[in-house]
Structures are given as structure tokens and as C-alpha cells.
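**Q** Output the structure for:
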Amino acid sequence: MPELPETETIARDLDRELRGRIITGVVVRQPDVLREVSAQEFSARITGASILASWRRAKLVIIDLSSRDRIVVQPRFTGALLLSAGPLPEPEARYSTLHATLDDDRDLHYRDIRRLGTVALMSPGRFADYVDDLGVEPLDPAFTVAHLSVLLRGSKQAVKKLLMDQRMVVGIGNIYANEACWRAGIDPSRRAADVDDAAVERLHAGIVSVLTESIAARGTSFRDYRDASGGRGDFQRSLAAYGRGGEPCLRCGARLVETHAIDGRTTVLCAHCQR
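**A** The predicted model follows:
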């Protein structure tokens, strides 16, 4: 599932490639991915609009239009925004749910294999309401050690579960929650309120560093994630915990444990050096 580094990569690519382009036409093949509008309304409202900017909030990719509408894409597990000059390759084309034609003869596709992601069209006011309950961005200056400490102290949840709660901190999913806990030497199942001050500092550093490094590597690709040009991320080469169950811990050499006991999701940890 695209998390913060992956959606940030997509948004940056689209901003570089699409800023100033005009949408000249729309084809909706699978209207069930649309939210807030019908296929007919979606097409009518975005055709003729120019693209002002593309950016990320939480795990959302947002495209600002000259009409003041915003295209809001939540890729979830298998969604991707792909630019093409000509037809998409067949393996991708069969899962293209909709595409917008641009004034430079390129197409912007929303490809979604399982069709669990969504594409919405929102006014600025509707968008503000939509994101109102989202938590702090972990790469913003507002996300300080003190802010993280307050979140942890007020929660009885497991640390990993809190990190993945988008009402608390946005953009962190299963991959980077595992990695941040490993970097901090914290057991992901530890009760958040029991994390001491030194561990809070390590966890904050782990969150910021793993997200920053993954953005630099253009995200993590295991199966379905692709950037806007169809390329794969490279951060999977740097993962220390996620996907490495049964392998040696890179810090102490003990065998990493894989479990589903914390939140039903795959959790990988070192029982020897994560406390």
C-alpha cells in the first residue's frame, strides 16, 4: 500500500510533469472508483481545466485545478497514477479505471488492480472538511519530539498501532511503522504510554529518518507500487525489519520474529534488541 514516501514521490513527479497542462478529455472505464461525483460530472467538471499543482496530504495525492476543484486520489493497496505518451503497456492498460487526456497528447491514468482505491473531486471547502480529522505530518516542523511524546502518553494502544492511526500521525503504514520501531529499538507491541523519554527521542528520529531516506529512494516496491512513469522504488533494499521475518537482525544478529498478533498486520521485530 502506498504510504507517505510513495505518495510523496508520485505527487512530486506529477507536479513536475503536469503543472500548466490542460485537461482536454476524460474517459471513465470503471466508475466505481469515483467518489463525490458521477462519471459524467467528473468529466464535465475537469475537462478544460488547467493543472495548477500536485501535492500530497497524508496518503492522498491531490491535483489542484484552475476551476478550484481538487482531484483527490487515495491509491490504497494497488492504485497508481501513471503518465503515458501513447497506450499503456497491456499489463497496466487492462487495469486502467479512468484517464484524462492532456493538451500535450499525453494521458494520465488511474490504474488500480483491485479497485480498492478512490478518485474524488472536491471543492476547497469539501476538501478541508475531508482532511479535518487527519493528524500531524511527520516531516513537518510541527512534528517535534514533544508532540510525539504527548501522543504516546495519552494512548493505551501498542506503539505500532498508534503510529499507523491517521488521526494521530499521517502517512505511516505497516512498512514504515515496522522500520521506525526497529530503528528506535522499541517493541512494536509496547503500550505507547509506557515509552520513556529516551525511547521517544529515538522513535522520533527513526520515523523522520526512515521516511526521508525512503523518499530519496523513491519509495518501496514489493508488488504493485509504481511511480508516475511506471518505475519502481528502491527502498526495499534498505529495509531492516519489514519483509525480513526469520532473517538475522542487522543490529544484533538474532533471528527476526514475524507475527500478526499486534493489529492483524504483519509485524517483524527483533525480540532481542527491541524492548
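**Q** wouldn't residue 136 be in contact with residue 147 here?
**A** Yes - in terms of C-beta atoms under 8 Å, residue 136 counts as a neighbour of residue 147; the distance is 6.3 Å. C-betas here are computed from N, CA, C, even on glycine.
**Q** Quick one: name whatever helix or strand follows the helix or strand harbouring residue 198.
**A** Residue 198 is part of helix 197-216, with elements assigned from DSSP states H and E. Using DSSP H and E, the next helix or strand after helix 197-216 towards the C-terminus is strand 257-259.
**Q** Give the pairing partners of that following strand; include direction for each.
**A** For strand 257-259, the paired strands and their directions (DSSP bridges) read strand 267-269 (antiparallel).
**Q** Please point out which parts of the partner strand sit buried.
**A** For strand 267-269, a neighbour-count test (16 or more other C-beta atoms under 10 Å) marks 267-269 as buried.
**Q** count of neighbours near the closest residue to residue 239 other than its chain neighbours?
**A** Using C-beta to C-beta, 6 or more residues apart in numbering and skipping residues adjacent in sequence, the residue nearest residue 239 is residue 179, 6.4 Å away. Taking other C-beta atoms under 10 Å as the neighbour definition, residue 179 ends up with a count of 26.
**Q** same deal with residue 154?
**A** Residues within reach of residue 154, counting by other C-beta under 10 Å, total 12.
**Q** Please apply the same query to residue 176.
**A** Tallying neighbours of residue 176 according to other C-beta under 10 Å, which is how burial is gauged here, yields 25.
**Q** Kindly report the same for residue 113.
**A** A total of 17 residues lie near residue 113 under the criterion other C-beta under 10 Å.
**Q** circling back to that earlier point, quick one: contacts of the helix holding residue 198?
**A** Judged by C-beta atoms under 8 Å, 6 or more residues apart in numbering, the contacts made with helix 197-216 from elsewhere in the structure are 4-5, 8-9, 138-139, 143-145, 148-149, 152, 159, 163, 169, 171-172, 176, 179-186, 195, 220, 233, 235, 238.
**Q** ok, of those, which come out buried?
**A** 4-5, 8-9, 138, 143, 148-149, 152, 159, 163, 169, 171-172, 176, 179-186, 195, 220, 233, 235.
**Q** In helices, which of those residues appear?
**A** Among the buried ones among the contacts of helix 197-216, DSSP state H puts 4-5, 8-9, 148-149, 152, 159, 163, 176, 179-184 in helices.
**Q** Of those, which is the nearest to residue 74?
**A** Residue 74 has its nearest neighbour among those in residue 4, at 13.0 Å by C-beta to C-beta.
**Q** do you know how far the closest one is from residue 53?
**A** 18 Å (C-beta to C-beta, to the nearest Å).
**Q** What's the end-to-end length of stretch 70-78?
**A** Between the opening and closing residues of stretch 70-78 we find a distance of 22 Å, counting by C-alpha to C-alpha, to the nearest Å.
**Q** Mind listing residues that contact that stretch?
**A** Contacts of stretch 70-78 from elsewhere in the structure, counted by C-beta under 8 Å, 6+ apart, are 1-2, 6-7, 10, 46, 59-65, 79, 81, 95, 110, 112-114, 116-124, 127, 130, 223-224.
**Q** mind checking how far that stretch is from the chain centre?
**A** Averaged C-alpha coordinates place stretch 70-78 at 9 Å from its chain's average position (C-alpha atoms, centre = their mean, to the nearest Å).
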